[in-house]
Every structure is written in structure tokens, then in C-alpha cells.
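In: predicted model, plus sequence, below.
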Amino acid sequence: MPQLTFDDWAGGLDVRPAAALSKTNILRVLTNAYVSTGKSIKKRPCLEFVATLEAGTVGLKAFGGKLNTFYGHGAAITHANTLFVPKRVPHITTGAAPTKIHYADQYNALLYVAAEYGDGTFRHHYLDDPGAWVALTNYALNDIRRPTTPNGFRYQVTTDAGSAGAGEPAWPTTIGGTVVDGGLTWTCITFAITDTNCPHTKQVAKQAQKLYAAGTDGTTVRFNSTANGARDWTLASDAGFLPVGRYAQGSNSVTCLAPFRKSSLAVLFADNAQVWSVDPNPTLNDLTDQVSTVGTLYSRGAGAVQLDTFFPAQNGFRSLALTVLSDNLQDTDVGSPIDDLYTASFAASDDPLALYYPKLGQFWEINGSTVWSYSFSRTAKLSAWSKFTFPITIDDATVLNQELYVRSGNDVYKVNKAIFKDGTSSIPLVDIQMFHQDAKVPGVLKQSFSIDTMGKGSPTISFKFFDENGVERETQGLMYRAITEAGASNPMELLFTRAAPHVQHQLDEEFELSFLSILYEKLGPL
């Protein structure tokens, strides 16, 4: 008896072909599931609740083996859960509270942070440690220290008439506030970068031992001094800028910066892109590639993926490596299978966040409660998009020790493939729709008798078909066992010329679909 067999979905979600085309290795719908390196379909990892954080912080960044959060002026914040460490990043002049962390990464083993504030401004901070205050010590004018118990501020000697006192002073926590300590006067200063050449913009990237940030007018990309570190953006012949606006081929305002390969920097505009070869020695910086037809609107949207960089362009996700090779929006680029879905789901006002989830080998583009996930493996010949939907809005995300953590408001979750519901109660609906199959004999009526499945969990399976008027209809869904034992096929009667399996699963259990087979007989032409 002939059979229709599905056991390889390596193409993942692909909405380019018409539904009636008999494609077996791609899917019309793939929601809350992904294609594994074994070419089977697995339920997406779910959200394991970790903690509700104390109010007043924003952001979530891995550093120093901890999950770091950020806050501004006011009383010190302490997290009861010791996995989390709050860092103070107060606005240097206005006192506005931080509302979003656009960039946070280590530079010379210390955190460099680009924060956005409630007044719409941005500030860069370098959370270095000047050393703790020590009693009865001679300090020179302009020396900087911190309290023995860090409070998020630094203190600079502004009057030197002796040594520090025997007891630690009551440190002020207002920028510019002073305290007398023996023969010294200490003035409260911030960890913010004060070099006037630091642009304090949200587009920041690290490459070739330097930090790069979009210039305030958008037509340059400034970089810091390698010799003097993150606080110096001025040192001649070491700090400086890339004249990216000189070569722009459309918009000349930088929207996004991202590392590209081992020693290049991707400079993206709304409608064009440049690739610069960068070096600790600025005289070796050079524009190596540029593309006049593709760019991005999103400052956090580009992410490094092995030796490539993926980013959300105007018409879909694109690979920078392929883009610079082709110099245009190729319909064979990485995101082309879901271009139509992308353009329907992204708005110019969105602020998506890109990251690489190493535990599953996936690129994630997080946009609110939706994640576009790309699973790939060269050895397994896998390149598959899928769509994840979550019951929360994800504000920030980070990877610590290979584990992915996400923040929604003050709640933090760990993404965990070993659990099967989000939080305590929300079970995701896995939705898998295949293309209509005619068994390579179009126009011939077929009668199905049974269906075999192999996998894990108990899915509900129905079939979509076209009636005599060309309207797509669907049979009633029936729940099937995870594995069909030999000689015990599940009955499934249907007359069809074309039929599309529709698999759904919404139970608190592991789910995997490895094999699906429909046994049928040909009845003859219509």
C-alpha cells in the first residue's frame, strides 16, 4: 500500500510556495516548535520562573558570573536573590532614571554600559574600580577612591591639606556633593564617561580592542583610546573616528553597529551598510565593503552568528556575509523564507533584540512577546526558521553560562528545554501545518486508511483539504499516541486529491514529531 511519509523538515518555516504545492521538507506554519539537528520537530523551550526583582532597576546583562541590573540616583538597591547584582548608573546632570540598557559588555574585564534615561538622553558609563578608601592614608589632589562598601559612586580629592581621617566619612550620594575627611575634601563623581569626545549614543559595539559608538550627528563612528582605556576618547593617533558619512549611499545617519567576523565592524544605516576593517592602530582602519540597498532601523537588532552577522533589514532578516557578496537584497538570503511574515509583524517603532542562544545553536530575534528563531547547522544541513510566542513581553535578555535568561518587568525567567509550560500555568500551543500533498499524482482521488506517528507526547492531528470550490477545509482533530506500534496503525479515513497534515499540541509534557506516515490507496482520476 502506498504511503505519504514525512521525516525531514530541515527547511523549517517557509511561506514562499503556494499552499497547494507538494513540499515535504518545509512547513506553512511552525509556531512554538523548532527543527532539531535530527530534522525532527521539537516543542520550544519554556520559561522557568527565577525571581521577582526589587523595584527600581532595568536591564539584564551577564557579567562576572552574575546577572546585572541597573539603576540611577536614590537609595541603594539590593537584590535578595544573590544571582542578581544591581549596578548604579546615575545620569551625570539631570538625575533622570535609566529606562533601558542599550549596551553592556565587558571591556578590559570591567563593564561598559550605554543607558537611556527618562528624559530621552543617553549616557555611557565605565564601571571600573578605583580602589577602596583607606584610613589615615595620604592622597594626592585628584586621586579617586570608592567607599569600602561600594555604593555606585566614586569620590575625588578636590582639597588636599593632609591625610584621610581615622574613620570612614559619610559619603554623599549626590553628584558634586562633598565631605571632609581629615585633611581632605572628597567630591562625589559618577562612573559616567566625561571625555567630551565620547558621543554618549545608544549604538555601541566592541571590536579590535576598542569601543565604537555612533557619533552624535550620526555621520561618524567614534572610538576610544586603546592605550588609555574606555575613559579616553581623545588621545591623538589612538582615539578618533571613522568618517562613515563620507561613504554613505543613502541615509547618512548610523542606526546600528555590530562586530563582523574577527576584525571588522558592520556600520548600518536605514538603507545602506558599510564594513570596515578595524585595528588597534587607527591608521590601519579601512572601508572594505559597502552595500547601497540594504540596512536596518534597529539599534539592537544585529547579532553575531559564528563568522556572520544577521540583522533585520527593510524586507526581512539578512546575512551580512551574503549581502556584501551580492550587493543587494537577494531572494535567496537567510531570511527570505519568512519575509512576508516579517514585514507583517515588524513596525518602525519596535526595538528588537538579537542574540545567539548557544545551548540550542539558534539565533533569536526578540520582539516583545514574539521570537523569530533560526536553527542552523552546516554539518546537519539545517537552516530552519520558526516562530515562538510567549505569554510575557520580553524587555531584555542575556546569556550566562550557556543559559538564556529573559526579563519582563521585574520578573526574570530562565529558558529551559526541560520544562513544558511557561511560568506556573501557561502551556504554549505548538502549531505545525504542512503543505498539501498529492503523492505526485495530481487530480487523482485517494482514500487514506491509517496514520503512523513516531515521537514524544500526544499530539492532535487533523487534515486540511480543498473542497470542490477550491475552499480550504479541515477535518476534526483527533489525539494520537506518541509512537504507533508496529501492526497497530491509527485509523484515519479521508477522501482527497490533496491533503495537508495539521499537528497541534498543548499539554504539559515533552513533544517531538519525528515521523508521520499516511497509508492510502489511489481510486482513480476525478
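Out: Structure's in. What do you need?
In: C-alpha only now, for contacts and for neighbours.
Out: Will do.
In: now do the end-to-end distance for stretch 346-362.
Out: End-to-end span of stretch 346-362 (CA to CA, to the nearest Å): 20 Å.
In: cool, and stretch 74-92?
Out: 13 Å.
In: contact partners of it?
Out: Applying CA atoms under 8 Å, 6 or more residues apart in numbering, the external contacts of stretch 74-92 come out as 51, 53-54, 56-57, 66-73, 96-98, 115, 117, 123, 125, 151-153, 173, 175, 190-192.
In: find the residue at the geometric middle of this structure.
Out: Nearest residue to the geometric centre of the chain (CA atoms, centre = their mean): residue 354, 2.6 Å.
In: strand partners (parallel or antiparallel) of whichever strand or helix holds that one?
Out: Following DSSP states H and E, one finds residue 354 within strand 353-357. Using DSSP bridges, the strands paired with strand 353-357 are strand 362-367 (antiparallel).
In: average pLDDT for the strand it pairs with?
Out: Across strand 362-367, pLDDT averages out at 97.
In: starting at the chain centroid, how far to that strand?
Out: Remark: strand 362-367 is offset 5 Å from the chain centroid, using CA atoms, centre = their mean, to the nearest Å.
In: now what about it, what contacts it?
Out: Defining contact as CA under 8 Å, 6+ apart, one finds that strand 362-367 is touched by 301, 303, 305, 350-357, 371-376, 394.
In: now the buried members of these.
Out: Buried by 16 or more other CA atoms under 10 Å: 301, 303, 305, 351-357, 371-376, 394, out of these.
In: hang on, the earlier thing: distance from the chain centre to the strand holding residue 354, please.
Out: The chain centre lies 3 Å from the centre of strand 353-357; the measure is CA atoms, centre = their mean.
In: not counting that strand itself, show me its contacts.
Out: Applying CA under 8 Å, 6+ apart, the contact partners of strand 353-357 are 300-305, 311, 362-367, 396-399, 402-404.
In: and those, which are buried?
Out: 300-305, 311, 362-367, 396-399, 404.
In: ok, the nearest residue to residue 472 once chain neighbours are set aside - how many residues close by?
Out: Of all residues not flanking residue 472 in the chain, residue 466 sits nearest, at 4.4 Å (CA to CA, 6 or more residues apart in numbering). Look at residue 466: counted by other CA atoms under 10 Å, it has 17 neighbours.
In: so how far is residue 499 from residue 466?
Out: Distance, residue 466 to residue 499, by CA to CA: 8 Å.
In: this protein: helices as residue ranges?
Out: In the chain, the helices defined using DSSP state H lie at 320-326, 339-345.
In: which one of the ones you listed lies closest to residue 4?
Out: Nearest to residue 4, of all those, is helix 339-345, at 28.3 Å by CA to CA.
In: pull the CA atoms of the closest one into CSV?
Out: Coordinates of the C-alpha atoms in helix 339-345 are reproduced here as CSV (Å, rounded to 0.1, in the frame of the first residue of the first chain):
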residue,chain,number,x,y,z
ASP,A,339,10.0,37.7,4.5
ASP,A,340,6.2,38.0,4.3
LEU,A,341,5.7,37.2,7.9
TYR,A,342,8.5,39.6,8.9
THR,A,343,7.1,42.6,7.1
ALA,A,344,3.6,42.0,8.6
SER,A,345,5.0,41.8,12.2
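In: give the rounded mean pLDDT of it.
Out: Average pLDDT, helix 339-345: 92.
In: likewise stretch 478-491?
Out: In this model, stretch 478-491 carries a mean pLDDT of 74.
In: gap between the two ends of that stretch?
Out: In stretch 478-491, first residue to last residue: 10 Å (CA to CA).
In: just stretch 260-276 next, same as before
Out: Taking CA to CA, the first and last residues of stretch 260-276 lie 9 Å apart.
In: comparing the helices of the chain, which comes out most buried?
Out: Among the helices of the chain, the stretch with the highest mean neighbour count (mean count of other CA atoms under 10 Å) is helix 320-326, at a mean of 17.
In: now that one: average pLDDT?
Out: Here helix 320-326 scores 73 as its mean pLDDT.
In: same question for stretch 386-401.
Out: Stretch 386-401 comes out at a mean pLDDT of 98.
In: identify the residues contacting that stretch?
Out: Stretch 386-401 is contacted by residues 12-13, 30-35, 44, 59-63, 65-67, 353, 355, 357, 366-374, 404-409, 422, 426, 428 when judged by CA under 8 Å, 6+ apart.
In: got the CA coordinates for that stretch in CSV?
Out: Taking Å, rounded to 0.1, in the frame of the first residue of the first chain, the C-alpha atoms of stretch 386-401 are listed here in CSV:
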residue,chain,number,x,y,z
SER,A,386,10.4,29.1,13.4
LYS,A,387,8.2,31.5,15.4
PHE,A,388,7.9,31.4,19.2
THR,A,389,5.2,33.3,21.1
PHE,A,390,5.4,33.9,24.8
PRO,A,391,2.8,35.0,27.4
ILE,A,392,5.0,37.9,28.5
THR,A,393,6.7,40.9,26.9
ILE,A,394,10.4,40.4,26.9
ASP,A,395,12.2,43.6,27.8
ASP,A,396,15.8,42.3,27.9
ALA,A,397,17.7,39.1,27.6
THR,A,398,21.2,37.8,28.2
VAL,A,399,23.2,34.5,28.2
LEU,A,400,25.0,33.4,31.4
ASN,A,401,27.0,30.2,31.4
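In: tell me the domain ranges of the protein?
Out: As given by automatic domain parsing, the domain ranges for the chain are 3-25+429-525, 45-127+394-418, 144-189, 195-351.
In: and the third one, end to end?
Out: Put plainly, it is domain 144-189. End-to-end distance for domain 144-189: 9 Å, by CA to CA.
In: next one: it to chain centre, how far?
Out: With CA atoms, centre = their mean, you get 40 Å for domain 144-189.
In: hang on, the earlier thing: of the contacts of stretch 74-92, buried ones?
Out: Buried members of the contacts of stretch 74-92, scored by 16+ other CA under 10 Å, are 51, 53, 56-57, 66-73, 96-98, 115, 117, 123, 125, 151-153, 173, 175, 190-192.
In: before we move on, back to that, which stretch among the domains of the chain comes nearest residue 384?
Out: Residue 384 lies closest to domain 3-25+429-525 among the domains of the chain, at 4.0 Å (CA to CA).
In: gap between residue 218 and residue 117?
Out: 19 Å.
In: cool, residue 78 as well?
Out: From residue 78 across to residue 117, the span is 21 Å (CA to CA).
In: now residue 506
Out: Note on residue 506: its distance to residue 117, by CA to CA, is 41 Å.
In: cool, residue 196 as well?
Out: Using CA to CA, one obtains 19 Å as the distance from residue 196 to residue 117.
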